[in-house]
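K.L.:
3D model of this:
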Amino acid sequence: MRQLRRAAVLRRQRAQRRGRVAEWLCLWHLRLHGWRIVARGWRCPSGEIDILARRGKVLAVIEVKSRGEIAAAASALAPRQRRRIARAAEAFLLSRPDLAGLDLRFDLMLVAPLRPPRHWRGAWRADG
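P.N.:
As a prediction, this is how the structure comes out:
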């Protein structure tokens, strides 16, 4: 039983490390494409936002998904998680009224081994 728990802990640690590396890759990808990072790993009681980035009049709420294949990463965002991210985005805008006038967009960044991050703009809508 102890070995099973240890194996589960190691898998979780590897997944967390893979997630941190994926977020770092996405941050650099965004910066190289003219985005300014407003916040990362922003948390509130209703949820967490991986990356908030601004370019022009757009404020992108970006969820990063890393899997073995791009298709698996794309399908990893559940409707419940979308709702939590949308609620967190509302809370973020309440804490940053200076950004409230920007066009809010929900993006997804997909990361798979040996591929550059793929930025899926407007991946979902908060009301849908």
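K.L.:
hey, let's count contacts and neighbours off CA atoms from now on
P.N.:
Fine.
K.L.:
how about the residue most central in space within the chain, what does it touch?
P.N.:
Nearest to the geometric centre of the chain sits Glu63, at 1.9 Å (Cα atoms, centre = their mean). Shown in contact with Glu63 (Cα atoms under 8 Å, 6 or more residues apart in numbering): Ile49, Asp50, Ile51, Phe106, Asp107, Leu108, Met109.
K.L.:
again with Glu48
P.N.:
Gly41, Trp42, Arg84, Ile85, Ala88.
K.L.:
now do it against Ala8, distance only.
P.N.:
23 Å (Cα to Cα, to the nearest Å).
K.L.:
and for Arg18?
P.N.:
As for Arg18, its distance to Ala8 is 15 Å (criterion: Cα to Cα).
K.L.:
what's the end-to-end length of stretch 72-87?
P.N.:
25 Å.
K.L.:
may I see the buried residues of it?
P.N.:
Ala73, Ala74, Arg82, Arg83, Arg84, Ile85, Ala86, Arg87 (16 or more other Cα atoms under 10 Å).
K.L.:
which helix runs longest in this structure?
P.N.:
When the chain is scanned for its longest helix (criterion: DSSP state H), the result is helix 2-32.
K.L.:
understood, closing this out.
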